[in-house]
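**Q** Need a 3D model of the sequence below.
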Amino acid sequence: MEIAEKIAEFVSSVNYQNLSEKVIHEAKRRIIDAIAVARGALNSPPHLVNKNVVTYFLGSVPLLFGGNATPDFAAFYNTFLIRYLDFNDTYLSKEPLHPSDMIGAFLSLGSLFNLEGKDVIEAVAIGYEVGVKLCDATSLRKKGFDHVTFLQVGAAAGLAKMLKLDEKSTVNAISLTLVPNIALRETRSGELSMWKAGAAADASRKAVFGALLAKFGMTSPSKPFSGRLGFVNVVAKDFDSTVFNRLEDDGILKTSLKKYPVEYHAEAVVEAGKSFNVNVDDIIKIEVETYEAAKTIIADEEKWNPTNKETADHSLPYILAYTLIKKDFWLDAYDKEMIFNEKIRNLMKKITVIEDEKYTSIYPKELPVKVTIYTTKGKDTIEVRNPRGYYNNPMTDAEVEEKYLRLKGRKEELNILWNMEELKVKEIVSSIKGS
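**A** Below is the predicted model:
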């Protein structure tokens, strides 16, 4: 059976009334977290670009923190804010994903069609489940393709539910989103650019466009996954379709939040770095042992010379050196004077990163990192197995709220978001103000 058809059957079977309280509550936590990190990106350089571009996409859909745009550009605009800081949630499997990127699309069409908060929660449960299963089925990054290819499929599934599409139209929404839009991994290769966040925003935009086309009758290739020239045969011959034999609505419970604004494989690095009590002037060398994905993604050659925020938040040596010196890690770590700070750069040169095959074998059940610091006075080793926020070491609601408030959110907004079920999405979006 075509994977898109299985997804369509699943979409039609889900309804808000049958979602568990745990899933509903977790969906709210992800929406709160997504809006929190979006606010933190309001002064980012790419957001200033988008504020200029939005004038060419004038429409009636409200944007986060003010303004209006067309539905597709609203999804792009909202998602860019959510993704830019690299501070939203994560799923780690054969392929990684930041599933809350799709919330930007859900807020857009939820506002356009005057839907309620519970419709967004329902879409989140669906989108996360589909995204998680896709990541369990195959790796994209090892083939040269980008994870947002899966993001847009999850988003299309959630949007199909919001638009009350029948199963045939849901297949069309998925196909119209996937077939024309296979994203390349070059987005995350070497020195990174603004498009690191833009790729997710574009995937969100394409899902909205595909879902709207499907709603009004646009047909599509009927076998986007299994067709002769479909996704499986062209991109991922190792695609494990059996993971779709058991689609449920609790995939969100396997995903993880971030406590620190770094690429997820560096969360444990920050925790380890904060735990050391060492005079950095006494450091001779630092050895970091970790798993393959962490070494490949955040410790490749270019990561020893970050020149912008996009590369610095994917640089294990920068993140560790900064943490050891500052004893914390927050958004000010990406100020230009910090990225080029001579003391940080000198300490980075003393860091080596090694893959530990034992760690690789247990990833992603655990995210182990071992940091050993050699000083003029001896050596000290700290190991972190699972950082705070990982699905098996979750942040509390109080910690989620603390993050929201530290990113300049307002307490009255939290009250709205925790009780969003019966509120109109347009009212929710319009109630979220900028700093």
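**Q** tell me which element the nearest residue to L159 once chain neighbours are set aside falls in.
**A** Closest residue in space to L159, ignoring its immediate chain neighbours: A211 at 3.9 Å, by C-beta to C-beta, 6 or more residues apart in numbering. Quick note: C-beta positions are derived from backbone N, CA and C, even for glycine. Under the assignment given by DSSP states H and E, the secondary-structure element containing A211 is helix 195-215.
**Q** my read: V384 touches A272, true?
**A** Yes: applying C-beta atoms under 8 Å, one finds V384 in contact with A272, separated by 4.9 Å.
**Q** Overlap in contacts, those two.
**A** Residues touching both V384 and A272 comprise V369, with contact defined as C-beta atoms under 8 Å, 6 or more residues apart in numbering.
**Q** that older thread, could you tell me which residues make contact with the residue nearest to L159?
**A** The neighbours of A211, taking C-beta under 8 Å, 6+ apart as the test, are L109, A156, L159, A160, L163, L165, A173, L176, T177.
**Q** and what of D397?
**A** With contact taken as C-beta under 8 Å, 6+ apart, D397 is in contact with R29.
**Q** can you give me the strands in the stretch 1-150 of the chain?
**A** When secondary structure is read from DSSP state E, counting those that start in this stretch, the stretch 1-150 of the chain shows strands at 61-62, 68-69.
**Q** For the last one, which outside residues touch it?
**A** It refers to strand 68-69. Counting by C-beta under 8 Å, 6+ apart, strand 68-69 makes contact with V54, F57, L58, G59, S60, V61, P62, L63, A74, Y77, all of which sit outside it.
**Q** Quick check: the third one vs G198, distance?
**A** Just to be clear, that refers to L58. L58 sits at a distance of 21 Å from G198 (criterion: C-beta to C-beta, to the nearest Å).
**Q** Comparing these two, which residue is more hemmed in?
**A** G198 (21 against 11; other C-beta atoms under 10 Å).
**Q** give the contact list for the more buried one.
**A** The neighbourhood of G198, defined by C-beta under 8 Å, 6+ apart, consists of P46, F80.
**Q** Also the one 10 residues further on?
**A** Each residue near V208 by C-beta under 8 Å, 6+ apart is listed here: P71, D72, A75, A105, S108, L109, A155, L159.
**Q** Looking at those, which are in helices?
**A** Per DSSP state H, helices hold the following members of these: P71, D72, A75, A105, S108, L109, A155, L159.
**Q** Of the residues you listed, which is the most crowded?
**A** Using other C-beta under 10 Å as the neighbour definition, the ones in helices among the contacts of V208 reach their maximum at A155, which records 38 neighbours.
**Q** how close does it get to F209?
**A** Between A155 and F209 the distance is 11 Å, computed by C-beta to C-beta.
**Q** on that earlier part again, which pair of the contacts of A211 spans the longest distance?
**A** L109 and L176 (14.7 Å; C-beta to C-beta).
**Q** Now do the contacts for the residue lying closest to P180 once chain neighbours are set aside.
**A** Distance criterion C-beta to C-beta, 6+ apart; nearest residue to P180, sequence neighbours excluded, is K206 at 7.7 Å. Contact partners of K206, counting by C-beta under 8 Å, 6+ apart, are D72, Q152, T177, P180, N181.
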